[in-house]
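J.: Okay, here's the prediction I keep looking at, along with the sequence it came from:
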Amino acid sequence: MGRLFVLSLEGKIYSCKHCRTHLALSEDIVSKSFQSRHGKAYLFGKVVNVTCGETEERAMMTGLHTVADIFCVGCGSIVGWKYETAHDKSQKYKEGKSVLERSGEDIWSGRKQLLGQSWRAYRQQRCR
């Protein structure tokens, strides 16, 4: 599969709960008022060290969105999702941004999923 390239961040860092891979900086937080199925979540303008899954239509509290789950490159855990398309004009500001699910002080949850052979395809994809 090739060599894993991981960026290291400096400053107040948010990282994966499972492997501590750096995911985002506090200065890139757009909003702290998001909720996920598992609790509190933050919207970030920029995240690193993630790969994107397949896009899908998801009905969320704010309407229909095209999203892709994002995975930690260090351990493969799902750490949130990326907004590809917002169908409501008032939600367009979310497009291209990512939500990381919060799990404790400066650590982000990673919902482990057994992806089997499809994990290889996810790792080879890059977020647009």
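T.: Sure, I can see it.
J.: Please make it C-alpha for all contacts and neighbour counts, starting now.
T.: OK.
J.: Residues contacting the helix or strand containing residue 70, please?
T.: According to DSSP states H and E, residue 70 maps onto strand 63-72. By C-alpha atoms under 8 Å, 6 or more residues apart in numbering, the residues outside strand 63-72 that reach it are 16, 21, 23, 49-59, 77-88, 110.
J.: Give me the buried entries from those residues.
T.: Buried by 16 or more other C-alpha atoms under 10 Å: 16, 21, 23, 49-53, 55, 77-86, 110, out of these.
J.: Now, those residues that are in strands?
T.: In strands, defined here by DSSP state E, the members of these are 16, 23, 50-53, 55, 78-86.
J.: Can you show me the helices along the protein?
T.: Along the chain, counting by DSSP state H, helices occupy 118-124.
J.: for it, what helix or strand is lowest in average pLDDT?
T.: The helix or strand of the chain with the poorest confidence is helix 118-124; it has a mean of 43 (mean pLDDT, DSSP states H and E).
J.: Now for residue 29: which residues touch it?
T.: Contacts here follow C-alpha under 8 Å, 6+ apart; on that basis residue 29 touches 42-45.
J.: ok, now how distant is it from residue 54?
T.: 24 Å (C-alpha to C-alpha, to the nearest Å).
J.: Repeat that for residue 26.
T.: From residue 26 across to residue 54, the span is 27 Å (C-alpha to C-alpha).
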